[in-house]
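Visitor: quick one, what's the 3D model for this:
(2 chains)
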Amino acid sequence: GENVEQHPSTLSVQEGDSAVIKCTYSDSASNYFPWYKQELGKRPQLIIDIRSNVGEKKDQRIAVTLNKTAKHFSLHITETQPEDSAVYFCAALDFGNEKLTFGTGTRLTIIP
Amino acid sequence: NAGVTQTPKFQVLKTGQSMTLQCAQDMNHEYMSWYRQDPGMGLRLIHYSVGAGITDQGEVPNGYNVSRSTTEDFPLRLLSAAPSQTSVYFCASSSPDRVGDTQYFGPGTRLTVL
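Guide: The predicted structure follows:
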C-alpha cells in the first residue's frame, strides 16, 4: 500500500517568513495530493490540493509543488501570520483504490 | 446543510464494552470514511464506503465494524473496546463518486477506553 512520509514534524518560523513542509510518497499510481490544516481541537480542513497532471498550484499565500519523478510534493506558505499556526497534514490518493493515506503531520508555530 | 455530524463528542468506555459511533451527512455524498487520529501518527483509515451497501477495510480495521444501509449514515461499531482504541475518531465524506474531491470531516469523537 501507499506510504507517505512528512517532514519536519515540528517547524517554528518567524512571522512574515516562509514555511516549507515536504512529503514523499511510495506508490507511483497516486495521483491526487491534498493538504489539510488542523487547528487545536478541531477537524482537519482542506487548504489546497494538486493533481498529478499539474506541477504547481497557488492560492494566495499558499502553494503546492509536485515532482512526480521524485515522488515528492511540498507545501509553501509565504508571509506567515500567527493564524497559520496549526498542524498540517499531507496526503496521497490513488483514484483507483479510493484510499487516502495521510502523512504524520507537521506542527507549525509562527513566532510573533 | 449541517455537513458531517458525529455523535457523541466524548465517550469513556471500560475494556470489553461495545458502542457505536454515529456519523451522518446531508450532502448526498457517496463516499464516506472513518479515520482514527493518534498523536504522532496522523490520520489512519479504518473503514470506508463508496456507496450504500458497500464497505471496505482501510489501514487499521481490526476491532471495528461498519455498515452503510443508507447514503446518509455510516456508523462505526466497536465490538469489544480495548485501551489501544483510545483515540480521536473522525468521519469524513466527499462528493458523489470520487474521494479525490474535497473531503469534509466531521467534528470528531474523543474516545477513552479504560
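Visitor: confidence score at residue 27?
Guide: If you meant another chain, say so; for now it's chain A. At residue A:27, the model reports a pLDDT of 90.
Visitor: sorry, should have said chain B
Guide: If you check residue B:27, the pLDDT there is 89.
Visitor: roughly how far out does the helix or strand of chain A with the lowest mean pLDDT sit from the chain middle?
Guide: Of all the helices and strands that make up chain A, strand A:99-102 has the lowest average by mean pLDDT, DSSP states H and E, namely a mean of 86. Computed by C-alpha atoms, centre = their mean, to the nearest Å, the chain-centroid distance of strand A:99-102 equals 13 Å.
Visitor: got the residues of chain B near chain A?
Guide: For chain B, the contact set with chain A under C-beta under 8 Å from any C-beta of the partner chain comprises B:31, B:33, B:35, B:40-45, B:48, B:50, B:58-59, B:90, B:98-100, B:102-103, B:105-108. Every residue, glycine included, has its C-beta placed from N, CA and C.
Visitor: filter the residues you listed down to just the buried residues.
Guide: Among these, those buried by neighbour count (16 or more other C-beta atoms under 10 Å in any protein chain shown) are B:31, B:33, B:35, B:42-45, B:48, B:50, B:58-59, B:90, B:99-100, B:103, B:105-106, B:108.
Visitor: any weak-confidence spans in the chain?
Guide: Picked chain A for this. The model of chain A has pLDDT under 70 over residues A:97.
Visitor: meant chain B actually
Guide: Applying pLDDT under 70 to chain B picks out residues B:96-101.
Visitor: in it, which residue is most central in space?
Guide: When C-alpha atoms, centre = their mean is applied to chain B, the residue found nearest the centroid is residue B:34 (2.9 Å).
Visitor: following the strand or helix carrying that residue, which helix or strand comes up?
Guide: Using DSSP states H and E, residue B:34 falls within strand B:31-37. As assigned by DSSP H and E, the chain's next helix or strand after strand B:31-37 is strand B:43-51.
Visitor: now the following helix or strand past that next one: buried residues?
Guide: Going down the chain from strand B:43-51, the next helix or strand is strand B:54-57, by DSSP H and E. The neighbour-count check on strand B:54-57 (16+ other C-beta under 10 Å) flags residue B:55 as buried.
Visitor: tell me the strands beside strand B:54-57, with direction?
Guide: Its sheet considered, strand B:54-57 pairs with strand B:43-51 (antiparallel) by DSSP bridges.
Visitor: so what's residue B:70 up against?
Guide: If you count contacts by C-beta atoms under 8 Å, 6 or more residues apart in numbering or on different chains, residue B:70 has them with residue B:52.
Visitor: any figure for the gap between it and residue B:24?
Guide: In this view, residue B:70 and residue B:24 are 9 Å apart by C-beta to C-beta, to the nearest Å.
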